[in-house]
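In: Generate a structure from the sequence data that follows.
(one chain, ligands or ions: 1)
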Amino acid sequence: DPSSPKAPDSPSEKCGLLTVTKITEHGKKVRKNWTSSWAVLRGSMLLFAKGQGGGTSWFGSGQSKPEFTVDLRGGSVDWASKDKSSKKNVLELKTRQATELLIQSDNETVINDWLQTLQETISAHAWE
Ligand code: I3S
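Out: Okay, the predicted model is just below:
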């Protein structure tokens with residue numbers, strides 16, 4: 001529908017279930033630990049909560065705290081090279097604090113949406 005409103009360039013909120021692991025923390029390599037995580041983008045912050053039985057978990061419902069949070073400002077995201085993982089549809093997210101995450105979904109549309117949203121979010125906050 002050409003009359004429908006265009007999606008904003010940088011949504012301030014997006015969430016979904018992703019498969020995630022850290023590979024580097026503050027510049028140090030850490031052991032991979034792939035987990036299903038409920039990801040929430042709020043402004044330039046990306047929060048992860050441990051996924052429980054699908055995409056229904058939410059902060060405040062039993063498990064109140066996000067597992068971890070990354071600040072996207074000054075970071076970068078792109079497709080991970082093949083040597084980073086044998087999984088398909090893997091993104092590599094690097095933060096300014098030298099933490100690196102791999103983010104994966106079996107669903108191509110889902111992962112493409114996240115790549116676009118994360119890149120746009122990083123661009124939108126580039127001068128902060
Ligand atoms: O980069 P790696 O070491 O091949 O990553 C694999 C390991 O983390 C493995 O766990 P163990 O360290 O317990 O073997 C995971 O089960 C695999 O999923 C990791 O490889 P992929 O290709 O899935 O990222």
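In: is the ligand contacted by the longest strand along the chain?
Out: What stands out as the longest strand in the chain, according to DSSP state E, is strand 13-25. No - on the criterion C-beta under 6 Å from any ligand atom, strand 13-25 is out of touch with the ligand, staying 7.2 Å away. The way it works is simple: take the backbone N, C-alpha and C, and place the C-beta from them, glycine included.
In: Any buried residues in that strand, and which?
Out: By neighbour count on 16 or more other C-beta atoms under 10 Å, the buried set for strand 13-25 is 14, 16-23.
In: The protein against the ligand: which residues are in contact?
Out: Applying C-beta under 6 Å from any ligand atom, we find that the chain lies next to the ligand at 32, 34, 85-87.
In: most neighbours, which of those?
Out: Among these, S85 has the most neighbours (other C-beta atoms under 10 Å), with 17 neighbours.
In: That one - nearest residue in space that isn't next to it in sequence?
Out: L102 (5.8 Å; C-beta to C-beta, 6 or more residues apart in numbering).
In: Can you name the element that comes right after the helix or strand hosting that neighbour?
Out: Assigned by DSSP states H and E, L102 belongs to strand 100-104. For strand 100-104, the succeeding helix or strand toward the C-terminus, using DSSP H and E, is helix 108-124.
In: could you give the angle of that following helix to strand 100-104?
Out: 150 degrees (axes from the mean of the first three to the mean of the last three C-alpha atoms, to 10 degrees).
In: Return the alpha-carbon coordinates of helix 108-124 using PDB.
Out: Below are the C-alpha coordinates for helix 108-124, written out as PDB (Å, rounded to 0.1, in the frame of the first residue of the first chain):
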ATOM      1  CA  GLU A 108      16.600 -15.000   7.300                       C
ATOM      2  CA  THR A 109      14.000 -12.200   7.400                       C
ATOM      3  CA  VAL A 110      14.500 -11.900  11.200                       C
ATOM      4  CA  ILE A 111      18.300 -11.600  10.900                       C
ATOM      5  CA  ASN A 112      18.200  -9.200   8.000                       C
ATOM      6  CA  ASP A 113      15.800  -7.000   9.900                       C
ATOM      7  CA  TRP A 114      18.200  -7.000  12.900                       C
ATOM      8  CA  LEU A 115      21.200  -6.200  10.700                       C
ATOM      9  CA  GLN A 116      19.400  -3.200   9.200                       C
ATOM     10  CA  THR A 117      18.100  -2.000  12.500                       C
ATOM     11  CA  LEU A 118      21.400  -2.300  14.300                       C
ATOM     12  CA  GLN A 119      23.300  -0.600  11.400                       C
ATOM     13  CA  GLU A 120      20.700   2.200  11.400                       C
ATOM     14  CA  THR A 121      20.900   2.600  15.200                       C
ATOM     15  CA  ILE A 122      24.700   2.800  15.100                       C
ATOM     16  CA  SER A 123      24.600   5.400  12.300                       C
ATOM     17  CA  ALA A 124      21.900   7.400  14.100                       C
END
